[in-house]
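Enquirer: what follows is a predicted structure for the sequence shown.
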Amino acid sequence: MPDIVFTTKGVTKVYDTGELKVHALAGVDLELFAGELTVLLGPSGSGKSTLLNILGGLDHATDGRVWFRDLELTRLGDRDLTQYRRDHVGFVFQFYNLIPSLTARENVQLVTDVADNPMHPGEALEQVGLAARMEHFPAELSGGEQQRVAIARAIAKRPEVLLCDEPTGALDSKTGVQVLEALKDINEQLGTTTAVITHNASIRKMANRVIYFQDGMIDRVEVNERQIAPSEISW
Amino acid sequence: MRALDIKLLRDFRRLWAQALAIALVLACGVAILLTTYGMYGALEDTRAAYYQRNRFADVFGDANRAPQALLPVILAIDGVRAAEVRVVEHVILDVPGRVETVTGRVLSLPDNGVAQLNLPLVRKGRLPDPTRPDEVAVNDPFAKANNLRPGDSFFANLNGQKRELTLTGTVLSPEFIYTIGPGALMPDNKSFGILWMPQRAVAAAFNMEGAFNSVSLKLDPAANQEAVIERLDVLLAPYGGRGAYGRDVQVSNSFIDAEIEQQRIGSMILPPIFYGISAFLVSMVIGRIIALERSEIGLLKAIGYSDLEVCLHYLLLAGMIAVAGTLLGWGVGTWLSRAVARMYAQFFDFPYLIYRVSYDAYVISGVLAVLSAAIGAGKSALAAARIAPAVAMSPPAPPRFKHTLLDKILTALRLSQPVMMILRSLVRWPGRSAMTILGLSLAAAVLVASSFFEDALDVLMDTTFHQANRQDAVLLFSPDVPETALAAIVKLPGVLSAEGQQFHAAILRHGHLEKETSIDARRPGSDLSRIVDGAGKIVDAPVDGVLLTKRLAAYLDAGAGDVIEVELRGGRNETHEIRVAGVVTQYFGLGAYMDLETLNRLLRQAPRISSANLLIDEQQLPALHQVLKETPELSGLMMLKEMRQSFDDTIKQNIVIMTTIYVVIAVLITFGVAYNGARIQLSERARELASLRILGFTRGEVSFILMGETMLLAVVAQPLGWLLGAGIAAVLSEGSTSDLYAIPLVLEPSGFARASLIVLAAALISSLIVRRRLDRLDLIQVMKTRE
Ligand SMILES: Nc1ncnc2c1ncn2[C@@H]1O[C@H](COP(=O)(O)OP(=O)(O)OP(=O)(O)O)[C@@H](O)[C@H]1O
Ligand SMILES: [Mg+2]
């Protein structure tokens, strides 16, 4: 049994929008394991992003407890959460979130500037196969390339965990596969614990573990004995 | 370099036009603060140093003829550290090559040749030899204006004796930093000069051996000046003392006081306006950037940048604008300071200008610029720091348009869609709309205030020179001559008519209030010099009572019907109770008017006059000058035509400079506000406008929406601008009021119209520049990019 990286106990998240309360998470108990690639599946609004945000220290849970290894995230204040994110977590977002005024290399450098033991930005971009496009601005890159820059940015600090919210959501099948390959490579080569949210059920086959969400709760968890290569996936 | 810093530099470069528009406004504030504050300091420091080094006296006293034996008594007054007596007289000069009569004031230099107080500073040559009665030094500007060099000689009519004097040197004196001849409105170094001659020579020429008529005192720092002046008055009274006074009333010094005060007011009124507008513009631009970069901010936080780093990032962007504005302002301010210093050199005769405070001014103006940018960006930057990192995960929510009552009204009005869009946006950003209106109205206000000066000076010139003083020349006599002398004056060559006027030093008292001034007496029906009231009506000096100028009446808190005490100085020094016959608005001086006959009855003498107003036949002017040069009673001569001309020229020149500066300022403010406003609307509405274009709206229709909002705000800003401008004008008019003159509050419709025209034109051009961006808008690109 590998080490447990994340543990959650009865995590709830309630958004209070005034007239009505939205229970985005209604008690989630979950464990994520070191070095594993986990896929989170579930209908829209089922709370996937909310959970990932809480794991990544972007948001606070309303109730329940969350640990990153021995560190209890639910006890941390904003300042410590920032430090936690800076030290341990890499994020990949659906909309890439590259800074338009910075080149690919500089976007990666944004992270290496504040990380402890980062890769060289060029090295990270090489990992995702973009060594040749380093000096290009986001506007000069395709969607897939932009997302790979975002992945390079996320891994450049050698994070222990990589959290990806619909990394292929805006991409076609072919570019999506390239992005998934980049994620898989990193997961295998660096042993980075990776969680990927997706709406694309076929992606689940490349994961070690698949978590199904429904109405703010975990519906079920599947463990894949065998993972297929991203190149075998298409949609 | 850190990637975040690279972003900062690139953002700044991308925003250059908006940043420049703000930096220019900020630069105005910095430059004006630098100039006014710097000049304020420079004038104070220079004056203080000059006064100290050249031992400018603290108290001055004049008498007709006091024995020198009085000097030890004066020295014994408690608090007096040093005293110097001298003889001061008026002379008529005949400068070779000049047809016009030149008047001068002779000051005696002590016998040992070394003055103790009011030391003349030799610029060229040397001071006269105490033993040589024909040697003289003159004030440097007079020598320059008349092309006189040491070794040159000219003629002087000293008490009836025409003498040839040789110039030994030129000097400057702390007593004559601002050298203005009797009755003149402005310095005229060509026709009025100061002469320093050995005591023996002056005393001999004016029968003043063993006597003096002027005393200067230096006091201990702890001395009670009031008490000293009082005591000196008592000592001089038997000898025709005309009232001792302190530096505050000394002519040259009080002009510098007025200038220093003006710089001080200037440094307090204008710069805050610019700093305030800049802060607003920065807040508008940074606020918009942060709204646009919400997800980037979320990202920065998600990857571990702290709140402080994010906050600082945006503050630095504002800081760079501030630095650009500061550098620009320093550049312009340095240049402007030089220009102002040059202007001072024209009016003030300082031997040097100490301009060292400037470092303070540079630091203060720069710090204030950075502060105002930081304040402007502060709120948005803090909001950026508070943006939750999770925002990076989700696209921003579309802005909420609330259905308000106004909305319903707008709908009921059945306005066209574009008009609706404009009005809705105004309502949606009420704070921003209000600040934009305020900014644009300040631009108009600055222009209203500047044209106020122009119009006010026009009125002032017209009443003073065309309504009140219609004579061609004024002959000044010292001492007064019998009124009967007019008969001889009319017979002088070229004189068409002559009228007499008398000025008599007096102290006016009402209750515990008192004011030293001079009583202006004349015969009823005088036609050449008339008393014109504020409404343009001609009034006669009252036969019974005294007519006070409005500011004097305010000083004394006296009105028509009140009885005031009038102490007539010199001679018998008697005090009379006189009824105030009326109050009249006058722009120059703090005069009080009486009937010539009445005044002289109080003085118990046959009518005398201090000056004669002449109407002259120009053809015979040279012949007239020829005679005047031989008239020893003459202490001064004013040629009003020339005076009008030079006053006119100087004022016009200054007005042109000032108007240019103010127009530039107003245009920069308008540009800063309107351009940034339009840019931000374009940024907010790019998608909306692009959608409209795709739906088939023409470029014109779409730009109407964009420009309409800016222009609507600009139009709404105008009435407020007029109001603010009138307010600023009132403050300036109030602030410029001194004992010497008052600037009337004149507001002409043309001034308001011009202000609005310039502001509206500048606003239109600013929004047209932004319109060009709209025309080039890449429709597809806009629709594709996520907000
Ligand atoms: N800031 C918010 N305020 C109010 N409600 C929110 C907020 N963020 C999320 N929610 C609600 O919480 C619920 C869970 O949202 P979440 O984003 O986690 O879903 P998701 O599973 O990621 O959906 P999707 O697949 O569409 O991204 C939804 O009902 C959503 O409307
Ligand atoms: Mg989601």
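Expert: That came through fine. Ligands and ions are numbered 1, 2, ... in the order given.
Enquirer: use CA for all of it now, contacts and neighbours both
Expert: Fine.
Enquirer: gap between the residue in chain A that chain B sits nearest to and B:Phe176?
Expert: Of all residues in chain A, the one sitting closest to chain B is A:Arg86 (3.9 Å; C-alpha to the nearest C-alpha). Using C-alpha to C-alpha, to the nearest Å, A:Arg86 is found at 72 Å from B:Phe176.
Enquirer: with neighbour numbers in mind, choose between the two.
Expert: Comparing A:Arg86 with B:Phe176 by other C-alpha atoms under 10 Å in any protein chain shown, the one with more neighbours is A:Arg86, at 23 against 19.
Enquirer: burial of the closest residue to A:Val92 other than its chain neighbours, as a residue count?
Expert: Spatially, and ignoring its direct neighbours in sequence, A:Val92 is nearest to A:Cys164 (4.5 Å; C-alpha to C-alpha, 6 or more residues apart in numbering or on different chains). Other residues within reach of A:Cys164, judged by other C-alpha under 10 Å, total 24.
Enquirer: now the strand or helix carrying A:Cys164: mean pLDDT?
Expert: Here A:Cys164 sits within strand A:161-165, counting by DSSP states H and E. Averaged across strand A:161-165, the pLDDT comes to 92.
Enquirer: now do the buried residues in the helix or strand following it.
Expert: The helix or strand immediately downstream of strand A:161-165 is helix A:173-190, counting by DSSP H and E. Judged by neighbour count using 16 or more other C-alpha atoms under 10 Å in any protein chain shown, the buried positions of helix A:173-190 are A:Thr175, A:Gly176, A:Val177, A:Gln178, A:Val179, A:Leu180, A:Glu181, A:Ala182, A:Leu183, A:Lys184, A:Ile186, A:Asn187.
Enquirer: what sits against the residue nearest to A:Val92?
Expert: A:Phe91, A:Val92, A:Phe93, A:Gln94, A:Thr194, A:Ala195, A:Val196, A:Ile197 (C-alpha atoms under 8 Å, 6 or more residues apart in numbering or on different chains).
Enquirer: ok, now with 10 Å
Expert: By C-alpha atoms under 10 Å, 6 or more residues apart in numbering or on different chains, the contact set of A:Cys164 is A:39-40, A:49, A:52, A:90-94, A:151, A:154, A:183, A:194-198.
Enquirer: mind listing which of those residues are in helices?
Expert: A:Ser49, A:Leu52, A:Ile151, A:Ala154, A:Leu183 (DSSP state H).
Enquirer: shouldn't the first one be in contact with A:Asp165?
Expert: Yes. Taking contact to mean C-alpha atoms under 10 Å, the distance of 6.7 Å between A:Ser49 and A:Asp165 places them in contact.
Enquirer: ranges for the helices of chain A?
Expert: Going by DSSP H, chain A shows helices at A:48-55, A:78-88, A:104-112, A:121-127, A:143-155, A:173-190.
Enquirer: actually, the stretch 451-600 of chain B.
Expert: B:485-490, B:550-556, B:596-602 (DSSP state H, counting those that start in this stretch).
Enquirer: alpha carbons of the first one, as PDB, please.
Expert: Output in PDB follows, covering the C-alpha atoms of helix B:485-490 (Å, rounded to 0.1, in the frame of the first residue of the first chain):
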ATOM      1  CA  ALA B 485       1.900 127.500  -8.500                       C
ATOM      2  CA  LEU B 486      -0.700 126.000 -10.900                       C
ATOM      3  CA  ALA B 487      -0.900 129.300 -12.600                       C
ATOM      4  CA  ALA B 488       2.800 129.100 -13.500                       C
ATOM      5  CA  ILE B 489       2.500 125.400 -14.400                       C
ATOM      6  CA  VAL B 490      -0.300 126.100 -16.900                       C
END
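Enquirer: re the thing from before, the ones in helices among the contacts of A:Cys164: which ones sit near chain B?
Expert: Restricting the ones in helices among the contacts of A:Cys164 to those near chain B by C-alpha under 10 Å from any C-alpha of the partner chain leaves A:Ser49, A:Leu52, A:Ala154.
Enquirer: name the member of those with the most neighbours.
Expert: Neighbour counts for those (other C-alpha under 10 Å) peak at A:Ala154, which has 25 neighbours.
Enquirer: how near is that one to B:Arg754?
Expert: Applying C-alpha to C-alpha, the value for A:Ala154 to B:Arg754 is 60 Å.
Enquirer: which residue is nearest the middle of chain A?
Expert: A:Leu163 (1.5 Å; C-alpha atoms, centre = their mean).
Enquirer: wait, what's in contact with it?
Expert: Counting by C-alpha under 10 Å, 6+ apart, A:Leu163 has contacts A:38, A:52-53, A:55-56, A:89-93, A:151, A:154, A:193-197.
Enquirer: of the residues you listed, grab the buried ones for PyMOL.
Expert: Listed next is the PyMOL selection for buried residues among those, using 16+ other C-alpha under 10 Å:
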select buried, chain A and resi 38+52+53+55+56+89+90+91+92+93+151+154+193+194+195+196+197
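Enquirer: in strands, which of the contacts of A:Leu163 fall?
Expert: In strands, judged by DSSP state E, the following of these are found: A:Thr38, A:Val89, A:Gly90, A:Phe91, A:Val92, A:Thr193, A:Thr194, A:Ala195, A:Val196, A:Ile197.
Enquirer: surely B:Arg569 and B:Phe503 touch.
Expert: No. Contact between B:Arg569 and B:Phe503 fails when scored by C-alpha under 10 Å: they sit 11.1 Å apart.
Enquirer: sec struct for B:Ala27, please.
Expert: At B:Ala27 the chain is in helix, as set by DSSP: H, G, I helix; E, B strand; the rest coil.
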